[in-house]
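*Asks:* Sequence and predicted structure, then a few things I'm wondering about:
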Protein chains: 2
Amino acid sequence: MSSAVSPLAPKNVPSMPAIPGVRLATAAAGIRYTGRTDVLLALFDPGTTAAGVFTRSKCPSAPVEWCRAQLKGAKPRALVVNSGNANAFTGKSGRAACKFTADIAAIAAGCKPQDVFLASTGVIGEPLDASAFDGVMESMVSSAQATPWLDAAKAIMTTDTFPKVATASTRIGKTTVTINGIAKGAGMIAPDMATMLAFVFTDAAITTAALQTLLRDGVENTFNAVTVDGDTSTSDTLMAFATGAASAHGAPRIARAADPRLKEFRAAFNAVLANLSEQVARDGEGARKLVEVLVEGAVSKSSARRIARSIANSPLVKTAFAGEDANWGRVVMAVGKAGEPADRDRLSIWFGGIRVAHKGARDPSYDEAAVSAVMARPEITLKVNLGLGRGADRILTCDLTKEYVAINGDYRS
Amino acid sequence: MSSAVSPLAPKNVPSMPAIPGVRLATAAAGIRYTGRTDVLLALFDPGTTAAGVFTRSKCPSAPVEWCRAQLKGAKPRALVVNSGNANAFTGKSGRAACKFTADIAAIAAGCKPQDVFLASTGVIGEPLDASAFDGVMESMVSSAQATPWLDAAKAIMTTDTFPKVATASTRIGKTTVTINGIAKGAGMIAPDMATMLAFVFTDAAITTAALQTLLRDGVENTFNAVTVDGDTSTSDTLMAFATGAASAHGAPRIARAADPRLKEFRAAFNAVLANLSEQVARDGEGARKLVEVLVEGAVSKSSARRIARSIANSPLVKTAFAGEDANWGRVVMAVGKAGEPADRDRLSIWFGGIRVAHKGARDPSYDEAAVSAVMARPEITLKVNLGLGRGADRILTCDLTKEYVAINGDYRS
């Protein structure tokens, strides 16, 4: 497995401020890896609200089922995340591992087990030995701090080559509030509700219902618009926690997602989700190119989305990007197989702003050298105009390289 | 691009007999390749019937549109197939290239242009210079012979590493008839009506309508049950031609696909389709493993098909096979993302007959060494039982290797 950092990694890692009401700790429990942390504990002050969106897989992991069950009526006090084992397809022992983890976290944190949220990422189908958490939970509670966000992001990495963090400062009313997020990728990424694991935290005061709506809306053009390999994880989890600590210096308590006072906050919240989800695409397994697929002129936004997804998931399109080949023929193929309205004779295609095909044939002014220069870039926009209507959408993806095969041919062994 | 023959190639190539009423010729027209043939001409005696199934791509190639238009009412006399250029996404010039090719073939063969069928395979989006056929058509007509089937299969290869032929002898009534087929793969293979290019020929006497029904039924569990990369071609074409020459020695003329006298023929016809489509999977780009995905216990056959396809198209499952890793967790993931009814706690999974997972968890008697031995084989059956109903289906696929990426990252350049 390659351990080199993705060439698409963000150049600058932001300084992550504290979120009043949130404390973090990490530990090395030895779940699967040696010489690195693999458990994250986040502790929340009383009054925190939570929202979550999860995989639509028919075979979800045990922690996904746990979180779904606890979301209604929970008074969130703790989040435990481990890497190295996804606790998926682990049957009764998987459910028992969830219960055991929540029990020991509740004892250590002084709350009820049902107020503990859980997430796991790593290999699927292997039993998770939750007793490994027993030796580290109490010391994590006593050592939890306000600012180790980068450590938190590192503890949840699997094949990720860099930790993913994002932060934004915004206002609700006249009060400044902060939003922090962490995420991990990097394969089995075709989120249908959310990606592998991502967590967003704020000190804003937002009710559970409003936070859930905000999250459900925000995910649509961020995490749900990213694909690495078209494989939807059993463990996709995106959760948001709002501590409400900003109420102490005047932030109003927001009870409806449509509240106009949320306008700035919503934009900042969505920007954090977009930032994190783009980082997931930048760290797609083996990725050497970040590819933005824009589809315009479709009959509807949902049609544009399906066509963009068909292009972004096509192995032949993705290998063409890896080969720096502006192979518009494969783009046509991917448009054609999407099953959506399309008319070859109205189709135009651009790579990096250069039109290579127009109205069903190669652009007469096609310049191989100019296109080759575009294809050599690390970040490329592929635009398709269907010429049928006003529907448009966008999917972020990455190329398919030999390294993807190497990483995934060697992963478990 | 690797030119080594796939290790999954059939060990024996059958001796291909003549089909009375069919003559074949090949030529090197220099469409794209040098030092090899790239045009196939098949000539049919008067009275031949034809049937075809084609890609469901919304952006089909010009020859696909040509064949669809000619199938009704044609009196098939010739088939011209070229490799090197798919004549797809070529707009008006593509339609003109079809017309020109049919015109010169009709003149050379002494028939009408509308009785000429066309197919092209190769790069998409580049104009096809059909004038290249002009220099070879007449000599092909004069040199056509009854038995160069292997040469015919070679002339239509693109990234194929071996020519694909199949033959069967069967009876209609008391008369022996023969069925020959040729096909090419090897990437952009996820046929939805037929695969890239395949042609089947028989001397049986079967009406157009009956032949069409036979073909449409036969494709369902053969070509439509194969996938290499999940990418559906713009050019998928499967055609069958029945010369009726066997009538001369007593074969009855069959007007209905349901005619009971077709029983043996149907089985032989489907066996030829199955043989050819299996060869396509065996020659999937970069393939080192032939993988049969069996899904049982689904709520219906169509549900089993969708789950089998989700497994067979998953990059993570395919790379696991390349890595000889019995990674049932990824199989669970692919079952879960299919969107079909599934219950993790009833799911069982076998690799090569060894049960590795049972009722939602790892099989208690799991033996890593035994499973590793199975995974080292070139041909592996993956069986999934959903435990829900009696629906079952089967998809053939291959592994995803670094060579697939190499072939497709370098193809056009």
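*Replies:* Great, that's in hand.
*Asks:* Could you count how many residues lie near the closest residue to chain B within the stretch 301-413 of chain A?
*Replies:* Relative to chain B, the nearest point of the stretch 301-413 of chain A is A:Gly329 (2.6 Å; C-beta to the nearest C-beta). In this view, the C-beta of every residue, glycine as well, is placed from N, C-alpha and C. By the other C-beta atoms under 10 Å in any protein chain shown criterion, the neighbourhood of A:Gly329 contains 28 residues.
*Asks:* where does it land in three-state SS?
*Replies:* helix (DSSP: H, G, I helix; E, B strand; the rest coil).
*Asks:* Could you do A:Ala29 as well?
*Replies:* For A:Ala29, the assignment made with three-state DSSP gives coil.
*Asks:* Surely it touches A:Asn82?
*Replies:* Yes. Using C-beta atoms under 8 Å, A:Ala29 is in contact with A:Asn82, at 6.9 Å.
*Asks:* Overlap of the contact sets of the two?
*Replies:* With contacts defined as C-beta atoms under 8 Å, 6 or more residues apart in numbering or on different chains, the residues shared by A:Ala29 and A:Asn82 are A:Asp38, A:Val39, A:Phe133.
*Asks:* which residues in the stretch 1-150 of chain A form helices?
*Replies:* Using DSSP state H, counting those that start in this stretch, the helices assigned to the stretch 1-150 of chain A run over residues A:62-71, A:91-109, A:131-134, A:137-143, A:149-155.
*Asks:* Show me what counts as buried in the shortest one.
*Replies:* It refers to helix A:131-134. A:Ala132, A:Phe133 (16 or more other C-beta atoms under 10 Å in any protein chain shown).
*Asks:* now the shared contacts of A:Ala29 and A:Asn82 in CSV, with distance to chain B and pLDDT?
*Replies:* Listed next are those as CSV, based on distance: C-beta to the nearest C-beta, whole Å; pLDDT from 0 to 100:
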residue, distance to chain B, pLDDT
A:Asp38, 18, 97
A:Val39, 21, 97
A:Phe133, 20, 96
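*Asks:* check contacts around A:Thr397.
*Replies:* Counting by C-beta under 8 Å, 6+ apart, A:Thr397 has contacts A:Val226, A:Thr227, A:Val228, A:Ala281, A:Gly284, A:Val291, A:Val293, A:Ala312, A:Asn313, A:Lys318.
*Asks:* tell me the contacts of the closest residue in space to A:Asp103 that isn't next to it in sequence?
*Replies:* Nearest residue to A:Asp103, sequence neighbours excluded (C-beta to C-beta, 6 or more residues apart in numbering or on different chains): A:Pro113, at 5.2 Å. The contact partners of A:Pro113, taken as C-beta under 8 Å, 6+ apart, are A:Lys99, A:Ala102, A:Asp103, A:Ala105, A:Ala106.
*Asks:* Quick one: classify the residue of chain A most remote from its centre as helix, strand or coil.
*Replies:* Distance from the centre of chain A peaks at A:Pro364, with 40.7 Å (C-alpha atoms, centre = their mean). At A:Pro364 the chain is in coil, as set by three-state DSSP.
*Asks:* State the phi and psi torsions of it.
*Replies:* phi -60, psi -30 (degrees, to the nearest 10).
*Asks:* which of A:Ala29 and A:Asn82 has more neighbours?
*Replies:* Higher neighbour count among A:Ala29 and A:Asn82: A:Asn82, with 30 against 24, using other C-beta under 10 Å.
*Asks:* pLDDT wise, what is the more buried one at?
*Replies:* If you check A:Asn82, the pLDDT there is 96.
*Asks:* That one pairs with what?
*Replies:* Beta-bridge pairing for A:Asn82 (DSSP bridges): A:Val39, A:Ser120.
*Asks:* Test my guess that it contacts A:Asp38.
*Replies:* Yes. Between A:Asn82 and A:Asp38 there is a contact at 5.7 Å, judged by C-beta under 8 Å.
*Asks:* Common neighbours of these two, please.
*Replies:* Overlap of the contact sets of A:Asn82 and A:Asp38 (by C-beta under 8 Å, 6+ apart) consists of A:Ala29, A:Ile31.
*Asks:* dump the residue contacts of the residue farthest from the centre of chain A.
*Replies:* A:His358.
*Asks:* Need the pLDDT of it.
*Replies:* For A:Pro364, pLDDT reads 88.
*Asks:* Distance of it relative to B:Ile311?
*Replies:* Between A:Pro364 and B:Ile311 the computed distance is 44 Å (C-beta to C-beta, to the nearest Å).
*Asks:* Okay, now stretch A:102-115: how far is its last residue from its first?
*Replies:* Criterion C-alpha to C-alpha, to the nearest Å; first-to-last residue distance in stretch A:102-115 is 8 Å.
*Asks:* Next, the buried residues of that stretch.
*Replies:* A:Ala102, A:Asp103, A:Ile104, A:Ala105, A:Ala106, A:Ala108, A:Ala109, A:Cys111, A:Pro113, A:Gln114, A:Asp115.
*Asks:* Distance of the closest residue to A:Ala166 other than its chain neighbours relative to chain B?
*Replies:* Excluding its sequence neighbours, the residue lying closest to A:Ala166 (C-beta to C-beta, 6+ apart) is A:Asn275, at 3.9 Å. As for A:Asn275, its distance to chain B is 26 Å (criterion: C-beta to the nearest C-beta, to the nearest Å).
*Asks:* host element of A:Asn275?
*Replies:* Element membership for A:Asn275 (DSSP states H and E) is helix A:263-282.
*Asks:* what packs against that helix?
*Replies:* Applying 3 or more C-beta pairs under 8 Å, 6 or more residues apart in numbering or on different chains; DSSP states H and E, one finds that helix A:263-282 contacts strand A:164-172, strand A:175-184, strand A:197-202, helix A:208-219, strand A:290-298, strand A:391-398.
*Asks:* who does the third one pair up with?
*Replies:* So the one you mean is strand A:197-202. Strand pairing for strand A:197-202, determined by DSSP bridges: strand A:175-184 (antiparallel), strand A:237-242 (parallel).
*Asks:* rank those by pLDDT, which is bottom?
*Replies:* The stretch with the lowest average pLDDT out of the strands paired with strand A:197-202 is strand A:237-242, scoring a mean of 89.
*Asks:* list the contacts for A:Ser143?
*Replies:* Applying C-beta under 8 Å, 6+ apart, the residues near A:Ser143 are A:Ala25.
*Asks:* how close does it get to B:Gly35?
*Replies:* Remark: distance between A:Ser143 and B:Gly35 (C-beta to C-beta) = 71 Å.
*Asks:* How about A:Ser57?
*Replies:* Here A:Ser57 is placed at a distance of 50 Å from B:Gly35 (C-beta to C-beta).
*Asks:* what about these two, which has more around it?
*Replies:* Using other C-beta under 10 Å as the criterion, A:Ser57 and B:Gly35 rank with A:Ser57 on top: 26 against 6.
*Asks:* Okay, and which of the contacts of A:Thr397 map to helices?
*Replies:* A:Ala281, A:Ala312, A:Asn313, A:Lys318 (DSSP state H).
*Asks:* Enumerate every residue touching the closest residue to the last one other than its chain neighbours.
*Replies:* This points to A:Lys318. Of all residues beyond its chain neighbours, the one nearest A:Lys318 is A:Leu400 (3.5 Å), with distances taken as C-beta to C-beta, 6+ apart. Contact analysis of A:Leu400 by C-beta under 8 Å, 6+ apart lists A:Asp229, A:Gly286, A:Pro315, A:Lys318, A:Thr319, A:Phe321, A:Ala322, B:Pro315, B:Val405.
*Asks:* Could you rerun that using 10 Å?
*Replies:* A:228-229, A:284-289, A:313-323, B:315, B:400, B:404-405, B:408-409 (C-beta atoms under 10 Å, 6 or more residues apart in numbering or on different chains).
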